[in-house]
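Enquirer: fold the following, please.
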Amino acid sequence: MDPDVRLHDHVALAEIELYSELLTAVAGADRRLTYEEIDLVLGVRAPVPEQARRCVCGPAAEPNRAG
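Expert: Numbers count the residues shown, from 1 in each chain. Alright, predicted model coming up:
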């Protein structure tokens, strides 16, 4: 066996790439990243439009009151 054979661990290389993307995002931020922002950088979830985020995360609507 040739001692100069280079082994490639594709999983490890993918993890290193994700880690470098996260470090790049952190370096470019002026504050701590939220979990949602970290997920977006890592490609865990798709971006949620701002209006949809307000509807889901906003205060609960008051129940309808019969008059």
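Enquirer: shaky segments in the chain?
Expert: Within the chain, the ranges that satisfy pLDDT under 70 run 1-7, 47-48, 50-67.
Enquirer: which residues in it form helices?
Expert: Using DSSP state H, the helices found in the chain span residues 10-28, 35-42, 50-57.
Enquirer: may I see those helices organised as JSON lines, with mean neighbour count added?
Expert: No exception for glycine: its C-beta is placed from N, CA and C like everyone else's. Formatted as JSON lines, those follow (neighbours: other C-beta atoms under 10 Å):
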{"stretch": "helix 10-28", "mean neighbour count": "11"}
{"stretch": "helix 35-42", "mean neighbour count": "14"}
{"stretch": "helix 50-57", "mean neighbour count": "9"}
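Enquirer: what residues does stretch 20-29 touch?
Expert: When contacts are defined by C-beta atoms under 8 Å, 6 or more residues apart in numbering, stretch 20-29 is touched by residues 33, 37, 38, 41, 42.
Enquirer: repeat the analysis, applying 6 Å as the threshold.
Expert: residue 41 (C-beta atoms under 6 Å, 6 or more residues apart in numbering).
Enquirer: what's the distance between the closest residue to residue 39 other than its chain neighbours and residue 37?
Expert: Here the nearest residue to residue 39 in space, its sequence neighbours aside, is residue 45; by C-beta to C-beta, 6 or more residues apart in numbering that works out to 4.9 Å. The span separating residue 45 from residue 37 equals 11 Å under the rule C-beta to C-beta, to the nearest Å.
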